[in-house]
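A.B. asks: next come a sequence and a model predicted from it.
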Amino acid sequence: MSSAASLDKKIAGYVEQLNEKQKKVVLSVARAFAEEGAEPDIWDNLDFVKEMDRRTADLESGKEKG
């Protein structure tokens, strides 16, 4: 059994012993750890999109040479 599989099994064993409130806390901690490593989607940033639109318009109009 791999180390990761062993950890998964241990975690699952502990989770089975928790009450509903404790499970919700563990879920929020696990979600925070998972999202911590996720790359943000730059296209969700409205300021970034607005700036890219401005730059594209400048290039297309000839205002900027690129």
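C.D. replies: Received it, and whenever you're ready, just let me know what you need.

A.B. asks: pLDDT score for residue 1?
C.D. replies: Per-residue pLDDT puts residue 1 at 57.

A.B. asks: same question, residue 8
C.D. replies: You'll see residue 8 listed with a pLDDT of 93.

A.B. asks: and the gap between it and residue 49?
C.D. replies: Residue 8 is 39 Å from residue 49, where distance means Cβ to Cβ, to the nearest Å. In this view, the C-beta of every residue, glycine as well, is placed from N, C-alpha and C.

A.B. asks: show me the shaky parts of the chain.
C.D. replies: 1 (pLDDT under 70).

A.B. asks: if you set the cut-off to 50 instead, what comes out?
C.D. replies: The model of the chain has no residue with pLDDT under 50.

A.B. asks: all the helices of it, residue numbers only.
C.D. replies: Assigned by DSSP state H, the chain shows helices spanning 3-16, 20-36, 46-61.

A.B. asks: next, format these as TSV and append mean neighbour count.
C.D. replies: Shown next, in TSV, are the helices of the chain (neighbours: other Cβ atoms under 10 Å):
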stretch	mean neighbour count
helix 3-16	10
helix 20-36	10
helix 46-61	11
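
A.B. asks: roughly how far does residue 3 sit from residue 36?
C.D. replies: Distance, residue 3 to residue 36, using Cβ to Cβ: 21 Å.

A.B. asks: just want the phi and psi numbers for the residue at minimal distance from the centre of the chain.
C.D. replies: The structure's the chain has its C-alpha centroid closest to residue 38; by Cα atoms, centre = their mean the separation is 3.2 Å. Backbone torsions for residue 38, taken as degrees, to the nearest 10, come to phi -80, psi 140.

A.B. asks: again, but for residue 17
C.D. replies: Residue torsions, per degrees, to the nearest 10, at residue 17 are phi -90, psi -10.

A.B. asks: ok, it - how many residues close by?
C.D. replies: 8 (other Cβ atoms under 10 Å).

A.B. asks: quick one: residues contacting it.
C.D. replies: Contact analysis of residue 17 by Cβ atoms under 8 Å, 6 or more residues apart in numbering lists nothing.

A.B. asks: distance of it from residue 11?
C.D. replies: For residue 17 relative to residue 11 (Cβ to Cβ), the value is 11 Å.

A.B. asks: good, wrapping up.
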